[in-house]
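>>> Whatever this is, show me its structure:
(chains A, B and C)
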Amino acid sequence: MKPALSTEHLTVSYYTPQGPVPALRGVSFTLFENEILGLVGESGSGKSTLALAVMRLMEPDRAEVSGQVTVGSKNLYDLSARDLQRLWWEDIAMVFQSSMNALNPVLSIGDHFTDTFLAHRPMMRMTEIRQKTASLLQQVQLSPKLVRSYPHELSGGMKQRVVIALSLALDPKVLIMDEPTTALDVVVQHSILAEVAAIQRERHLAVLFISHDFSLVSGLAHRIAIMYAGELVEITERDMAIGNSTPHHPYTEGLIQATPRITGGRVRIQGIPGEPPDMTRLPAGCPFWERCPKRLDRCQTVPLPQQTGHTFIRCHLTGTSSLSSSSSSKEGMAHGE
Amino acid sequence: MQFVRQRLAFLLLSLWAAATINFVLPRLMPGNPAILMIGRFKGQLSARALKALELQFGVTHKPLWDQYLIYLNNLIHGRLGLSLTYYPVPVSRIIAESLPWTLGLVGVATLISVAVGLILGIYTAWHRGGNWDAILPTMATFTAALPYFWLGLLMLFLLGYLWHWFPLAHAYSTSLTPSFSWSFIRNMLYHALLPAMTIVISSMGGWLLGMRNNMIQTLGEDYVLFGRARGLSQRRLMIHYAARNAILPSMTGFAMAIGFVVGGALLTEVVFSYPGVGYQLLAAVQNEDYPLMQGLFLIIAFSVLITNFLVEILYARLDPRTRGGVHK
Amino acid sequence: MSASHVPISPRSLPTPRRLPVWHTIRSILQRDKRPLFGVAILAVFVLMAILAPVLTPYSPSQTGFQTMAAPSARHWLGTTASGQDVLSQFLYGSRISLGVGFTAGFIATLLAVIMGMFPAYLGGHTDTIMATVTNIMLVIPGLPLLIVITAYVHQTGPATIALVIGLTGWAWGARVLRSQTLTLSHRDFVVAARLAGENRWRILLAEILPNMLSLVVANVVFATIGAILAEASLEFLGLGNPNIITWGTMLYWADAGEALLGGAWWWIVPPGLAIALVGLSLALINFGIDQIANPRLRVNRIRKNRAGRGSHP
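The predicted structure is shown next:
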């Protein structure tokens, strides 16, 4: 499988009056074509920062970004402003959490699409724009008549679908979805996720699906990446996550155990005690060491080993080299360090 | 439509409130001031005029409610009474003669300062931290704090008296008679320039600062970021995503802004002896010509209220959220 | 993800974290010097007003000097058309101008709090009625109203003017405070307190008011600027008491005394410039208060290539 998007040592620190505060610390992973990679983390783990950094949407005076992001064969942070503008939406697109106000209140839905098309294909004719808009809306189960409506007239679920449709407008190969269903009710959530899965299959998209909801992601994604305190601590295959025979990073285990299941016997659900660490006072070692029930002495002081690979666990106890499931095929992922 | 109806109702309510305030004020003051005024003018008025005056200002034994109804009735028929300074010229005539001057001067000057202020506000916010942004907001704050009339005095002094660039007073040279000839119009514009510049300089700052603040707020919104990610041009983002949303709060503050402009215009007219309603109002106050004063106050208040209403209608057209109606 | 078994009581719900105000003020001032300038300028004027007797040997109404004299060593700001020392008038007049301005500003803000905060908090019909009254007071043009009122009141002096300005200038503040009170009333920590049965008035004073303090202070500043301008305007028009020397009446006399035609710039410039500078200083201070209330407006001058620790090459 070819890599569609990859990062290498991606590090982001926000400028604050008290000095730079890290949000991402040396994150490296690869998203392959035609797969859904879920990214799970709690609030403050850095996942939204990751989305913005991967798109190079961070404002330069707000945060310092270092490391590499590669989309296809292009190095994102080396691109000129013009090339970046072209890359956005044509190669890689992002679905914002639309209840966060992603749509311009004074423009109609149709205007949003027209804007997007004309920005990239200034010569496009209105008839073609209208056709494409209608077909995109249909793909997300919305009536084409909505082009005349305004954002405030739509429900949360409809707005989210519009945002998804907008992201597909120029046929990008990579899609980043940042908490796309978080503020919606469960029923709408479910149908949107089903649509996302269907769209991904049809278009062979590479999707990075970010959420704080572990159970949600484990139902959708092929691989699941786990973030904690700005670090990527594990990537695991979906099947390995559901069964509990395979070893995991202790944080992942905590997440799995905290997830209620409909089937199976009655299990005591356990939470993960403690709180996420203060990002200005991180230990040199594993950021999870304070809350980890299996910690060793060196977990506090020895930094976690850098890992690459299709799946891996970065933990002093359970993982030293990449653990890959025997059934997955891997091609061309050897990144140098 | 719901919105328009609501605003129309408010307009009517505030028109009524202005008229009522006008009615109530002289009667509120300890020792009705009208008594003194009537005493002064007694000798010059006809008996009928005297009676009307007494009724208008409450120097009568008629019950308050009756006075009020008569007052409102007169108002609706446009009967504002007779001016005492220009007796027996009706107040409405004086208003009709001075209002156009004020509308022309204030109207044009306000349009200019709004346009320039808004545009500059948009630019400084967009290029935040740039060179203009370092100077303009502080400068705008300074000019906004300048007393209108003082600025007028200064400009009159410098540009009129000292350097003789502009005439010192009035709307047109006293030697000319008003006509639609080009030479008259040119002369009129020449006279209007200085007062107009005073108004523009004083009021532009407020628009600039307001718009800038709104823009900064709007630029942090997600739809701007989303638009940027979709590859939209800077121009499209700045105007259609940022400015069109940022202007909305400015418009809701328009009523108060207009109030300030009117106040400032009043003072400007006085400084430049420009024969508009402001100038007449002061003359009326100095002569204790209460009927004229009341009439002028009403027309000023009404103009502001109606202008505000029109701006609110404009707002309804610009913000789709006011239009109601839900599609499913 | 986590399951804590601590029963939730309103008192343990986090109220919006408030950094100690001093800390916030200091960090804002570190990045934006404008409020400091404002405070400095204002301090100069206040000092001048207080120290007036020390700064000038003459009394403001003392006549007998040469008329319309340009500034000289004996009369730093020259003299008026009736032979009075302009500097003395300026300094003593500043006391009244500033006094009236701040008094009217306080009155207007007090009224704004009463008319804006309480009805909004109580809700219901009270709120609707008061809001409508506020909106009407907002649209009725201020200066014409002031002119008409002072015209009716024959004996006007600084005290009356302060009162009248305060009584008519509360509407804008009331509107702002009302909308902020409404927003806060619906925030979780207030709803929680109410559900727990806390006394309504206690909630208002202990929960809502502290969050609105910076807004109220900004209101005082804004109202004071308006009041100083309004006072000067009224006095310039001759509606004040011309016998009491203030910056406004100075300008009135200057206009009446044909200062313009006589070229007496020293009479015209100082009072107006002072008003403008005081207004500017208050506005600069307001920049700072705005930034306390609304963190988004905070100035962020951090440069791009700032070397930080923990960043990889």
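>>> could you point out where chain B is predicted with low confidence?
Applying pLDDT under 70 to chain B flags residues B:31, B:171-179, B:255, B:324-328.
>>> so where do the helices sit in the stretch 201-313 of chain C?
Secondary structure of the stretch 201-313 of chain C (DSSP state H, counting those that start in this stretch): helices located at C:209-236, C:247-256, C:265-293.
>>> Distance to B:Leu50 and mean pLDDT for those helices - can I get that in CSV?
In this view, the C-beta of every residue, glycine as well, is placed from N, C-alpha and C. Formatted as CSV, the helices of the stretch 201-313 of chain C follow (distance: least, Cβ to Cβ, whole Å; pLDDT from 0 to 100):
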stretch, distance to B:Leu50, mean pLDDT
helix C:209-236, 31, 86
helix C:247-256, 33, 86
helix C:265-293, 43, 84
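>>> got these as CSV, with mean neighbour count columns?
As requested, those are exported to CSV (neighbours: other Cβ atoms under 10 Å in any protein chain shown):
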stretch, mean neighbour count
helix C:209-236, 23
helix C:247-256, 24
helix C:265-293, 22
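>>> and the ones you listed as JSON lines, adding distance to B:Gly276?
Listed next are the helices of the stretch 201-313 of chain C as JSON lines, based on distance: least, Cβ to Cβ, whole Å:
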{"stretch": "helix C:209-236", "distance to B:Gly276": "16"}
{"stretch": "helix C:247-256", "distance to B:Gly276": "18"}
{"stretch": "helix C:265-293", "distance to B:Gly276": "22"}
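>>> Identify the residue spatially nearest to B:Ala125, adjacent ones excluded.
B:Met215 (3.3 Å; Cβ to Cβ, 6 or more residues apart in numbering or on different chains).
>>> need the next SSE after the helix or strand hosting that neighbour, C-terminal direction.
Take DSSP states H and E as the rule and B:Met215 turns out to sit in helix B:182-219. Remark: after helix B:182-219, the chain's next helix or strand is helix B:222-229, criterion DSSP H and E.
>>> Would whichever helix or strand comes after that next one count as contacting chain A?
Using DSSP H and E, the helix or strand that follows helix B:222-229 in sequence is helix B:234-236. Yes: contact between helix B:234-236 and chain A is present through B:Arg236 (criterion: Cβ under 8 Å from any Cβ of the partner chain).
>>> Tally up the residues packed near C:Gln66, please.
Under the neighbour criterion other Cβ atoms under 10 Å in any protein chain shown, C:Gln66 is assigned a count of 12.
>>> Unless I'm misreading it, it sits right up against C:Ser82, doesn't it?
No: assessed by Cβ atoms under 8 Å, C:Gln66 is found out of contact with C:Ser82, at 11.0 Å.
>>> Please parse chain B into its domains.
B:14-77, B:91-281 (the TED database).
>>> and the residue in the stretch 151-300 of chain A that chain C sits nearest to, what pLDDT?
Relative to chain C, the nearest point of the stretch 151-300 of chain A is A:Gly271 (3.8 Å; Cβ to the nearest Cβ). On pLDDT, A:Gly271 comes in at 76.
>>> hmm, back to that, save the helices of the stretch 201-313 of chain C as a markdown table, and put in distance to chain B too.
Formatted as a markdown table, these follow (distance: least, Cβ to the nearest Cβ, whole Å):
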| stretch | distance to chain B |
| --- | --- |
| helix C:209-236 | 5 |
| helix C:247-256 | 7 |
| helix C:265-293 | 3 |
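>>> Could you measure from B:Leu310 over to B:Gly107?
12 Å (Cβ to Cβ, to the nearest Å).
>>> Just the C-alphas of the one helix or strand B:Pro249 maps to, formatted as PDB.
If you go by DSSP H and E, B:Pro249 is part of helix B:244-252. Provided in PDB are the C-alpha atoms of helix B:244-252 (Å, rounded to 0.1, in the frame of the first residue of the first chain):
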ATOM      1  CA  ARG B 244     -19.800  41.000   5.400                       C
ATOM      2  CA  ASN B 245     -20.100  39.400   8.800                       C
ATOM      3  CA  ALA B 246     -18.200  42.000  10.700                       C
ATOM      4  CA  ILE B 247     -20.300  44.900   9.400                       C
ATOM      5  CA  LEU B 248     -23.400  43.500  11.000                       C
ATOM      6  CA  PRO B 249     -22.600  44.500  14.600                       C
ATOM      7  CA  SER B 250     -21.600  47.900  13.400                       C
ATOM      8  CA  MET B 251     -25.000  48.400  11.900                       C
ATOM      9  CA  THR B 252     -26.800  47.600  15.100                       C
END
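>>> Now that helix: buried residues?
B:244-248, B:250-251 (16 or more other Cβ atoms under 10 Å in any protein chain shown).
>>> again, but for stretch C:160-175
Within stretch C:160-175, the residues that qualify as buried are C:160-166, C:168-175, counting by 16+ other Cβ under 10 Å.
>>> Nearest to chain B among those residues?
Nearest to chain B out of the buried residues of stretch C:160-175 is C:Trp172 (Cβ to the nearest Cβ; 5.8 Å).
>>> Can you tell me how far the residue in the stretch 1-150 of chain B positioned nearest to chain A is from chain C?
Nearest residue of the stretch 1-150 of chain B to chain A: B:Gly129, at 7.9 Å (Cβ to the nearest Cβ). Going from B:Gly129 to chain C by Cβ to the nearest Cβ, to the nearest Å gives 7 Å.
>>> contacting residues around the residue in the stretch 1-150 of chain C positioned nearest to chain B?
Residue of the stretch 1-150 of chain C nearest chain B, by Cβ to the nearest Cβ: C:Leu143 (3.0 Å). Under the criterion of Cβ atoms under 8 Å, 6 or more residues apart in numbering or on different chains, the neighbours of C:Leu143 are B:259, B:262-264, B:266-267, C:230, C:233.
>>> The residues you listed: which ones sit near chain A?
Okay, of the contacts of C:Leu143, nothing touches chain A (Cβ under 8 Å from any Cβ).
>>> Can you tell me which of these is nearest chain A?
Checking the contacts of C:Leu143 against chain A by Cβ to the nearest Cβ gives B:Gly259 as the nearest, at 27.1 Å.
>>> and the closest one, how far is that from B:Asp289?
Remark: distance between B:Gly259 and B:Asp289 (Cβ to Cβ) = 24 Å.
>>> More neighbours: which of those two?
Set side by side, B:Gly259 and B:Asp289 show more neighbours around B:Asp289, with 27 against 24, by other Cβ under 10 Å.
>>> does that one really touch B:Leu82, like I thought?
No: judged on Cβ under 8 Å, B:Asp289 makes no contact with B:Leu82 at a distance of 9.8 Å.
>>> Pull up the overlap in contacts between these two.
Shared contacts of B:Asp289 and B:Leu82, defined by Cβ under 8 Å, 6+ apart, are absent.
>>> Closest residue of the stretch 151-300 of chain B to chain C?
Residue nearest to chain C within the stretch 151-300 of chain B: B:Gly263 (3.0 Å; Cβ to the nearest Cβ).
>>> In terms of helices and strands, where is that residue?
If you go by DSSP H and E, B:Gly263 is part of helix B:254-272.
>>> near chain A, which residues of chain B?
B:129, B:221-223, B:225-233, B:236, B:240-241, B:244-245, B:318-321, B:325-327.
>>> Please, where are all the helices along the stretch 51-200 of chain C?
Under the criterion DSSP H, counting those that start in this stretch, helices of the stretch 51-200 of chain C are mapped to C:52-55, C:86-112, C:118-122, C:124-139, C:142-152, C:158-168, C:171-185, C:188-195, C:200-203.
>>> quick one: the second one near chain B?
No: for a cut-off given as Cβ under 8 Å from any Cβ, helix C:86-112 has no contacts with chain B; the smallest distance is 11.3 Å.
>>> Between helix C:247-256 and that helix, find me the angle.
Angle of helix C:86-112 versus helix C:247-256, following axes from the mean of the first three to the mean of the last three Cα atoms, to 10 degrees, is 130 degrees.
>>> Measure how helix C:86-112 sits relative to helix C:124-139, angle-wise.
150 degrees.
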